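In: sharing a model that was predicted from the sequence below.
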Amino acid sequence: MVEKILSVKNLDVSVPNKTLIKSLSFEVFTGQILCITGDNGVGKTTLLNTLLGESKKVKKISKHVDFSVSFDAIQVIPQFREIDDNYPLSVENFMTLNLTHRLSPWLSHSEKALRAQVAEWTNLNQILKQPMGKTSGGEKQRAYLAQALMAEPQLLILDESTSNLDRDSRIELLRLIKEISVSEDIAVVFITHDPELVAMFADVELHIQNHKGVIRKAELEKGIANV
Ligand SMILES: Nc1ncnc2c1ncn2[C@@H]1O[C@H](COP(=O)(O)OP(=O)(O)OP(=O)(O)O)[C@@H](O)[C@H]1O
């Protein structure tokens, strides 16, 4: 069932002494990918940080930002991070690194079952025992996605997470995310500069220009069928 996860109404996005985006309004729903686009410096990452700040507040009194989920239900996958070639942790151990509610050093049956499910979704089964340092760029981003999915999020946020990947890996990552968002009812917010990915995968595009956000529908008919 489609559910509204976030509603933003007339929000001003600012940094000290400067308003970057004025009176921004949009909504985010489960099973959908919202792409946020716009030139460098228009305020996309600042918008994201503003929203995350609101989601952390215990008393939700903002007139402008209404989350139907708590901060714990939100996972962020940032831009590609450097992992040293000698980083020894295996892909499967990396996936469970952030499980916070563990009472013992061992995984429970349900955590193992979830890890197996997530490894299948993210196409990591063949490399679970491989050290993260020996994985490719695309495999690393899928491992970050898997780590985020282990938290069973309702909202997944990707900030330029594909920018260091080659075209095939970018498309594969987004195709997986699209499938998972639909099957697991996860809302996705994807900040990107890549028009091809927007055309293929966005359900809605929020384009920021001249301090304003404009909603554009992606041309879905050009979409996944052509991949
Ligand atoms: N804490 C801060 N104090 C002052 N200015 C800031 C601060 N944080 C960001 N800025 C400025 O605000 C503007 C928007 O930055 P932001 O990173 O949100 O843009 P962006 O749209 O995500 O850009 P990019 O596509 O390059 O990542 C930039 O000019 C940046 O220098």
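Out: That came through fine.

In: mind checking how far the longest helix anywhere in the chain is from the chain centre?
Out: In the chain, with assignment by DSSP state H, the single longest helix is helix 167-183. For helix 167-183, the distance between its averaged C-alpha position and the chain's averaged C-alpha position is 11 Å (Cα atoms, centre = their mean, to the nearest Å).

In: show me what that helix is packed against.
Out: strand 33-38, helix 109-121, helix 137-149, strand 155-159, strand 187-191, helix 195-201 (3 or more Cβ pairs under 8 Å, 6 or more residues apart in numbering; DSSP states H and E). Using the backbone N, CA and C atoms, a C-beta is placed for each residue, glycine as well.

In: tell me which of the ones you listed lies nearest to the ligand.
Out: Each of the helices and strands packed on helix 167-183 was scored for nearness to the ligand using Cβ to the nearest ligand atom, and the closest is strand 33-38 (5.8 Å).

In: following element in sequence after that closest one, please.
Out: The first helix or strand that comes after strand 33-38 along the chain, using DSSP states H and E, is helix 44-56.

In: which residues does that following helix contact?
Out: Counting by Cβ atoms under 8 Å, 6 or more residues apart in numbering, helix 44-56 makes contact with 6, 8, 11, 13-15, 20-21, 24, 36-38, 60, 62, 65, 67, 69-71, 74, 76, 157, 159, 189, 191, 208, all of which sit outside it.

In: ok, 7 Å please
Out: When contacts are defined by Cβ atoms under 7 Å, 6 or more residues apart in numbering, helix 44-56 is touched by residues 13, 15, 20-21, 36, 38, 62, 65, 67, 71, 74, 157, 159, 191, 208.

In: close to the ligand, is it?
Out: Yes. Using Cβ under 6 Å from any ligand atom, helix 44-56 reaches the ligand at K44, T45, T46.

In: pull out the buried residues from that helix.
Out: Going by neighbour count (16 or more other Cβ atoms under 10 Å), the buried part of helix 44-56 is K44, T46, L47, L48, T50, L51, E54, S55.

In: what do you get for stretch 208-216?
Out: When burial is assessed from 16+ other Cβ under 10 Å, stretch 208-216 yields the following buried residues: I208, H211, G213.

In: which ones are touching the first one?
Out: Listed by Cβ under 7 Å, 6+ apart, the contact set of I208 reads I21, I36, G38, V42, G43, K44.

In: coming back round to it: could I get the helices and strands packed on helix 167-183 as a markdown table with mean neighbour count and distance to the ligand?
Out: Formatted as a markdown table, the helices and strands packed on helix 167-183 follow (neighbours: other Cβ atoms under 10 Å; distance: least, Cβ to the nearest ligand atom, whole Å):
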| stretch | mean neighbour count | distance to the ligand |
| --- | --- | --- |
| strand 33-38 | 24 | 6 |
| helix 109-121 | 15 | 28 |
| helix 137-149 | 22 | 17 |
| strand 155-159 | 23 | 8 |
| strand 187-191 | 25 | 7 |
| helix 195-201 | 19 | 14 |
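
In: distance of the spatially most central residue of the chain relative to L107?
Out: Centroid check for the chain by Cα atoms, centre = their mean gives I157 as the closest residue, at 2.6 Å. I157 sits 26 Å away from L107, taking Cβ to Cβ, to the nearest Å as the criterion.
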